[in-house]
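S.K.: Predicted model and sequence follow; I will ask about them next.
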Amino acid sequence: MSATSIKFSARRVFAVSDVLFPLWQVDREEYAAVCAYLNLSPNETLFKRLSTHLARMPFHAMPPSGFALFLAKPRLTQSRIARLDLATKLFFPAHPMRHVLNVVIALHECDGRGFREMAISPAGAAVWPALLAWGVGLVLNVLLTSVWLAGQTAIYIAGVPFRTHADLSGKRVLITGVSRGLGRDLLLHCLERGAAVVGTVRTNAARSELVSMLPTDAPLNLIVADLSQPGALLEALKGAAVNAESIDIAIACAGIKHAGTPALSHADVRRTFEVNLFAAVELAGWFCAQASAQQRQRALVLISSMGRWHGMHGSGGYNASKAALSIWGESVEMDLRLSAGDRFTVTIVEPGLFASGMVGQTKLTRSLMAARRDVAETIMSGAAVGKRVIRPPFWFALLTWGLCVAGRSFRSRVFSRVKR
């Protein structure tokens, strides 16, 4: 099998329908709020230029951390923009909010209508009342921002013991299955937080689609490998000249699920195990093959599922493969502790219900699903500190274990109704 490796060099059109990097980019509603704060009229053409420019910021600016990161996460409203404008001017000059405001102003200055709106100023007798109003507004803004900033600081400090963030700046991360779903969100999260990524996709068409989404200067190396074929991953990595020792975190995320397929379907079960289990075995063998005494600490992350705790109508092969992956991962950790000491950490991730093509979209599932971006952040934050098991969202894990304790007959009745 041939392996294809690419480095971004051709010019691509950035798809503005999706916010790829929410720490830096704004959606249309947030852009409208920024324009309202600056007394400007929103402009669709300028919004597209803004989106394209801000999508490149993760690769040209230091990612926010600590309290600055905490302030950058919530959605922007006009009131929040006013508070962040002053706070970032005084304390966080490199904050994403400053880039958003500066770029919006620069773009509108170069637009005829925007320039006219920004050039409006009082004249004659109206100057002094305007200066007075500006001074009073400034004093009020300082007071409100001081109170708001004190409150945000208190909330941040209170949450520090329960909050972990992955410091991915300068890291190189390998992720399998990045063309869609959780794999794509892990890819975007790592890029946003300053990591370089090696990603695998199954087909050239999937590679082309992903390439068209991202800025040209994204530090991403994509390789094509059909993980259902034994040895395809190792051959692709070799063809792309990816050295295992250059990878800090390796994530086995690629997975398939044959929904509505009986557990006795031999071909489907075999193919499911090839992708969900044996491709992860290949990745781990390549990643952990050599561990010198001087080697830095590295992390292996295995994306399993809460479905590994029970069977399921129509997807027995998937649940069984995830059960095997979790148990095999525990064994790998035991073996590595004996052979490599603490130079490798093994994190087993067993996600619950989150937005995915593997989950049916019903009113019930949509109300219970965790946000996939939040799941990706939880995974990377846990892996960065060497957590051994991650089960987001944890309430779903408790629900699953409750169903397991209730017995197989009860589970069968519940799952049959859920499937219908």
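M.R.: Structure received.
S.K.: OK, contacts around the residue nearest to Asp185 when sequence neighbours are not counted?
M.R.: The shortest distance from Asp185 to any non-neighbouring residue, by Cβ to Cβ, 6 or more residues apart in numbering, is to Ala376 (4.0 Å). C-beta coordinates here come from the backbone N, C-alpha and C atoms, glycine included. By Cβ atoms under 8 Å, 6 or more residues apart in numbering, the contact set of Ala376 is 182, 185-186, 188-189.
S.K.: Recalculate using a threshold of 10 Å.
M.R.: The contact partners of Ala376, by Cβ atoms under 10 Å, 6 or more residues apart in numbering, come to 182-190, 253, 351, 354, 392.
S.K.: do Asn43 as well
M.R.: Asn43 touches 31, 35, 49-50, 104, 107-108, 111, 113-114, counting by Cβ under 10 Å, 6+ apart.
S.K.: Which strand or helix spans Trp178?
M.R.: No Trp there; residue 178 is Val. Per DSSP states H and E: Val178 is located in neither a helix nor a strand.
S.K.: isn't it right up against Thr200?
M.R.: Yes - between Val178 and Thr200 there is a contact under Cβ atoms under 10 Å: 6.7 Å.
S.K.: residues shared between the contacts of these two?
M.R.: Common neighbours of Val178 and Thr200 (Cβ under 10 Å, 6+ apart) are 206-207, 222, 253-254.
S.K.: Check which residues of stretch 239-249 are buried.
M.R.: Within stretch 239-249, the residues scored as buried using 16 or more other Cβ atoms under 10 Å are 239-240, 242, 244, 247-249.
S.K.: Dump those to JSON lines, plus pLDDT, distance to Ser41 and secondary structure.
M.R.: Below are the buried residues of stretch 239-249 laid out as JSON lines (pLDDT from 0 to 100; distance: Cβ to Cβ, whole Å; DSSP: H, G, I helix; E, B strand; the rest coil):
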{"residue": "Gly239", "pLDDT": "95", "distance to Ser41": "52", "secondary structure": "helix"}
{"residue": "Ala240", "pLDDT": "96", "distance to Ser41": "48", "secondary structure": "coil"}
{"residue": "Val242", "pLDDT": "96", "distance to Ser41": "48", "secondary structure": "coil"}
{"residue": "Ala244", "pLDDT": "93", "distance to Ser41": "53", "secondary structure": "helix"}
{"residue": "Ile247", "pLDDT": "95", "distance to Ser41": "48", "secondary structure": "coil"}
{"residue": "Asp248", "pLDDT": "95", "distance to Ser41": "46", "secondary structure": "coil"}
{"residue": "Ile249", "pLDDT": "96", "distance to Ser41": "45", "secondary structure": "strand"}
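S.K.: Throw those into CSV and include distance to Thr345, thanks.
M.R.: Formatted as CSV, these follow (distance: Cβ to Cβ, whole Å):
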residue, distance to Thr345
Gly239, 28
Ala240, 25
Val242, 21
Ala244, 16
Ile247, 14
Asp248, 11
Ile249, 9
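S.K.: Closest one to Ser416 out of those, please.
M.R.: Distance to Ser416, by Cβ to Cβ, is smallest for Ile249 among those, at 39.3 Å.
S.K.: Contacts only, for that closest one.
M.R.: Ile249 neighbours (Cβ under 10 Å, 6+ apart): 166, 168, 171-175, 186, 190, 195, 197, 287, 298-301, 345, 347, 380, 383-384.
S.K.: Report the beta-bridge partner residues of it.
M.R.: Taking DSSP bridges as the rule, Ile249 bridges to Val173, Ala299.
S.K.: Likewise for Gly199?
M.R.: Gly199 has the following beta-bridge partners by DSSP bridges: Ile175, Leu222.
S.K.: right, and it touches Leu222 too?
M.R.: Yes - using Cβ under 10 Å, Gly199 is in contact with Leu222, at 5.3 Å.
S.K.: Common neighbours of these two, please.
M.R.: The contact lists of Gly199 and Leu222 share 178-179, 187, 207, 210, where a contact means Cβ under 10 Å, 6+ apart.
S.K.: Out of the residues you listed, which is nearest to Leu234?
M.R.: For these, the nearest to Leu234 is Val178 (17.7 Å; Cβ to Cβ).
S.K.: Look at the closest one and say how many residues are nearby.
M.R.: By other Cβ atoms under 10 Å, 28 other residues sit near Val178.
S.K.: For it, give me its contacts.
M.R.: By Cβ under 10 Å, 6+ apart, the contact list for Val178 reads 184-188, 190, 197-201, 206-207, 210, 220, 222, 251, 253-254.
S.K.: what's the spacing between it and Arg184?
M.R.: According to Cβ to Cβ, to the nearest Å, Val178 and Arg184 sit 6 Å apart.
S.K.: Val201 now?
M.R.: Val201 is 10 Å from Arg184, by Cβ to Cβ.
S.K.: go on, Met57?
M.R.: Look at Met57 and Arg184: by Cβ to Cβ, they are 19 Å apart.
S.K.: swap in Val147?
M.R.: Distance of Val147 to Arg184, computed by Cβ to Cβ: 40 Å.
S.K.: And those two? Which one has more around it.
M.R.: Arg184 (21 against 11).
S.K.: Kindly provide the distance from the residue lying closest to Ala225 once chain neighbours are set aside to Arg411.
M.R.: Excluding the flanking residues, the one nearest Ala225 by Cβ to Cβ, 6+ apart is Ala236, at 3.6 Å. Using Cβ to Cβ, we find Ala236 at a distance of 39 Å from Arg411.
S.K.: cool, and Ala225?
M.R.: 36 Å.
S.K.: who has more neighbours, those two?
M.R.: A count of neighbours by other Cβ under 10 Å puts Ala225 above the other of Ala225 and Arg411, at 27 against 18.
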